[in-house]
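1. Take a look and give me a structure for this.
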Amino acid sequence: MEMDFEQIVQKILGAGLSRDEAMARIRGKQEEYGLLTPEGAASIVARELGIVIERKEPEVKPLYIADLVPQMSKVDIVGRVVRVYEPKDFPRTSGKPGVRGGILASDGTGTVRLTLWDEKTSLIKEGMVKKGDIIRITNAYVRRGIDKRLELSLGMRGNITPNPDDPRARELPPAVETAVRLGDLKLEMREVDVIGRIVAVSDMRSFERPDGTQGKVSSIILTDSSGKVVRVSLWDGWADFAKKLKPNDAVKLEDSLVKLGLRDQVELSLGSQGRLILNPPEAKGIPEVPLRPLKVSEVEVGMPSLEIAARVRRKLQPKEFKRADGSPGKVISLVIADDTGTIRTSFWDAAVDLAQNVQPGDIILLKNAYSRAGLGGAAEIHVRGSGVVEVNPKGVSVAELGPTSVKLEKLEPNMDCLDLVGRVLEVSSPREFTRPDGSRGAVSSVQIADGTAAVRVSLWNEHAARAGEIKAGDVVRLVDAYSSLGQFGSVEVHLGKMGRIEVNPSGVEQPPADVQRAPPPPAPRKSVAELEKEGERAEVRGTLVQVFHRRPIFDVCPSCGKSVGSADTSPMCEECGKTVTPEHRVVISFLLDDGTGNIRVALFGKVAEKFLGTSTQQIFQMFKSTPDIGRFYDELKLLGREVLVTGVTRQDKYFDQLELRGYEVKVPDPQEEAWAQLQKIKGESG
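-> Now for the predicted structure:
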């Protein structure tokens, strides 16, 4: 009669071992051999003690992922592929090239990553192993990876068998369906698989991360049978891969992240943890994308050739200028729009004639245009000699742009066509001024709040006259307003000639003025590691470890406060429709490190002036006289300074990173810091 586990243990205890000693030796045998049942391991311990156990040889039990321990070899497991890591080239320390890829497998007891090297990666490249497949892994060994987690590697005799005839395969949980239609995407979804066709592709753009490393990003516009159009950001290696993509290509994205992107639309992001498969077999049923003009929201920076239909919103005056090399040039710009947004469109040199007869309200169809980064990195459209413009073409309709309703706390600089509601806290009397061209203008300002934030609003020209009709406590609605960055780093709102104001509109409720006036509590001191989401007010103490070498000056129109673009050398204001002599504002950004992490900090206007200890005009002259921007920043002597920055966190949705927009910067006071630490210690101990 065979003994059970407890009977064998009792035999071992009879040899003089305590129960703890016996169990420790049994567990040691299981770790050493890996494939033993408890009874089998106990039998080996008994034999080593000279105890004869009348039973069969140790049993070999099926091995599961949960059973894996470091240094285990000759591993034989069955699992389902839940993620595929695309093979990547890398240089070995010997100088020889290598290839590394991987598979994440699960069997219901756990998950483990299998790393594939060199020729073994052909299983992935040739599509022999796909997400959802069942695989058998044999002759693998277990080790700890860089992240200290267990992972498998295949030795020389290691092997992967896709869809094996193995009893363990029938025990595996069913594959989890992560594929969704673009029309069903929701923010609460974390990782999804999608299949669609490409509408448009942008060029790759490089940028600098807060940690100083270089990143790359490209974008594709994707659609599927649901009719939904979604922007996809492709990062780093996938940004390089985007060079192979073209409109109407079918792609499958695996493990792409769902996020809130530009214009608060759901977007996808594909990084190193995801995968892009070009023209997958599953895409055969997806019809090709019919050729159509792009929407404004679909225009990305770096599109080399695009076609777009939109309605002309504003037409600026043509301008002749001289380029830096002395050659003459001319440009005329339009602001065009559809129901997804507005975009600036410039016609250069020979193409100027194409736009001469276009008027506000016309529908235009642009062909052979291209896009590039404009003011603040936003996309702009450009048309040159090869471009084509069709005015009010038959069969082309464009939906009207409606004002975007936004809470004040969500305002960002350079937002257009805003619909804002708030209660008036303060009103200033109109002030007249003389523009650089000698014409007269007027401006008044009000401060409004909506329970989420307060903001200063400038009422320009004909709207300034209405300031006498407005009093503190009134509710106002601003339609077709726009935003800019104020001198103190905060967002300001402007109401120009395109907008209108409604005083005490019916059916609109706002919190009482006395509630709106309550001062916000002091910003809490936080570490960088504690900053996790957009909209957090915080005071952060850290050391300035890197300065970003960007142009330290941006320009605004002196007549209406709007940020201005330029026609090569001549700043032009879209709101005023003419070339202006701009007012300068200082902007500076740097990396702040506090030991728990680092974050990019941006300072604007008077806040930046105070931090630098100099005026905007002095910074402007210093910048103009220093051709090397690196030398310009070296002369500021900023690196290594310890500062306290108070600000609000904002998510840079284009590059998907959190930054701190500071509204106060000061040097830490040793006594105040010591007192704060003492109070913190008392609070923790009390």
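2. Gln671: helix or strand, and which one exactly?
-> helix 670-685 (DSSP states H and E).
3. averaged over its residues, what pLDDT does that helix have?
-> Averaging pLDDT along helix 670-685 gives 67.
4. Check stretch 538-557 too.
-> 83.
5. Dump the C-alpha coordinates for it into PDB.
-> What follows is stretch 538-557 as a C-alpha-only set of coordinates in PDB (Å, rounded to 0.1, in the frame of the first residue of the first chain):
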ATOM      1  CA  ALA A 538       0.900  72.500  -5.900                       C
ATOM      2  CA  GLU A 539       4.100  74.100  -4.500                       C
ATOM      3  CA  VAL A 540       7.100  72.100  -5.500                       C
ATOM      4  CA  ARG A 541      10.700  72.500  -4.200                       C
ATOM      5  CA  GLY A 542      13.500  71.300  -6.400                       C
ATOM      6  CA  THR A 543      16.700  72.000  -8.200                       C
ATOM      7  CA  LEU A 544      16.900  73.200 -11.800                       C
ATOM      8  CA  VAL A 545      18.700  70.500 -13.700                       C
ATOM      9  CA  GLN A 546      18.100  71.400 -17.300                       C
ATOM     10  CA  VAL A 547      17.000  74.400 -19.300                       C
ATOM     11  CA  PHE A 548      15.100  73.800 -22.600                       C
ATOM     12  CA  HIS A 549      16.600  75.800 -25.400                       C
ATOM     13  CA  ARG A 550      13.500  77.300 -26.900                       C
ATOM     14  CA  ARG A 551      12.900  80.900 -28.200                       C
ATOM     15  CA  PRO A 552      12.500  82.900 -24.900                       C
ATOM     16  CA  ILE A 553      10.100  85.500 -26.500                       C
ATOM     17  CA  PHE A 554       6.600  85.200 -27.900                       C
ATOM     18  CA  ASP A 555       4.600  88.000 -29.400                       C
ATOM     19  CA  VAL A 556       1.100  89.400 -28.900                       C
ATOM     20  CA  CYS A 557      -0.900  92.000 -30.800                       C
END
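6. so how far is that stretch off the chain centroid?
-> 19 Å (Cα atoms, centre = their mean, to the nearest Å).
7. and if you look at stretch 75-88?
-> Worked out by Cα atoms, centre = their mean, stretch 75-88 lies 28 Å from the chain centre.
8. just checking, next helix/strand downstream of the helix or strand hosting Val587?
-> Secondary structure from DSSP H and E places Val587 in strand 583-593. Next along the chain after strand 583-593, taking DSSP H and E as the criterion, comes strand 598-604.
9. Between its first and last residues, how far does stretch 177-191 reach?
-> Terminal residues of stretch 177-191 are spaced 11 Å apart (Cα to Cα, to the nearest Å).
10. what's next to that stretch, contact-wise?
-> 192-196, 222-230, 255-260, 266, 268, 274 (Cβ atoms under 8 Å, 6 or more residues apart in numbering). C-beta coordinates here come from the backbone N, C-alpha and C atoms, glycine included.
11. Could I have the buried ones of the residues you listed as PyMOL selection syntax?
-> Those of the contacts of stretch 177-191 that count as buried under 16 or more other Cβ atoms under 10 Å are selected in PyMOL with:
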select buried, resi 192+193+194+195+196+222+223+224+229+230+255+256+257+258+266+268+274
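12. In helices, which of the contacts of stretch 177-191 appear?
-> Assigned to helices by DSSP state H, none of these qualify.
13. quick one, domains of this protein?
-> As given by automatic domain parsing, the domain ranges for the chain are 5-48, 70-171, 182-285, 296-391, 404-516, 528-674.
14. Reformat the ones you listed as TSV; add distance to Leu63.
-> Shown next, in TSV, are the domains of the chain (distance: least, Cβ to Cβ, whole Å):
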stretch	distance to Leu63
domain 5-48	6
domain 70-171	5
domain 182-285	27
domain 296-391	49
domain 404-516	53
domain 528-674	39
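15. for these, which one sits closest to Pro522?
-> domain 528-674 (7.9 Å; Cβ to Cβ).
16. how far is the closest one from where the chain is centred?
-> 20 Å.
17. Also stretch 90-103?
-> Centre to centre, stretch against its chain (Cα atoms, centre = their mean), the figure for stretch 90-103 is 29 Å.
18. List of residues touching that stretch?
-> 81, 83-89, 113-118, 120-121, 124-125, 129, 135, 160.
19. cool, and stretch 144-151?
-> Leu68, Val69, Pro70, Val112, Arg113, Leu114, Thr115, Val142, Arg143.
20. out of the residues you listed, what pair is the most spread apart?
-> Going by Cβ to Cβ, the pair spanning these furthest: Val69 and Thr115, at 17.6 Å.
21. Settle it for me: which of those two has more neighbours?
-> Thr115 (18 against 11; other Cβ atoms under 10 Å).
22. List phi and psi for that one.
-> phi -90, psi 130 (degrees, to the nearest 10).
23. again with Ser272
-> phi -70, psi -20.
24. can you check Ile8 too?
-> According to degrees, to the nearest 10, Ile8 has phi -70, psi -40.
25. Ok, Asp419 next?
-> Residue torsions, per degrees, to the nearest 10, at Asp419 are phi -120, psi 110.
26. for the closest residue in space to it that isn't next to it in sequence, what are its contacts?
-> Spatial nearest neighbour of Asp419, excluding adjacent residues (Cβ to Cβ, 6 or more residues apart in numbering): Pro403 at 3.6 Å. Going by Cβ under 8 Å, 6+ apart, Pro403 touches Cys417, Leu418, Asp419, Val479, Asp480.
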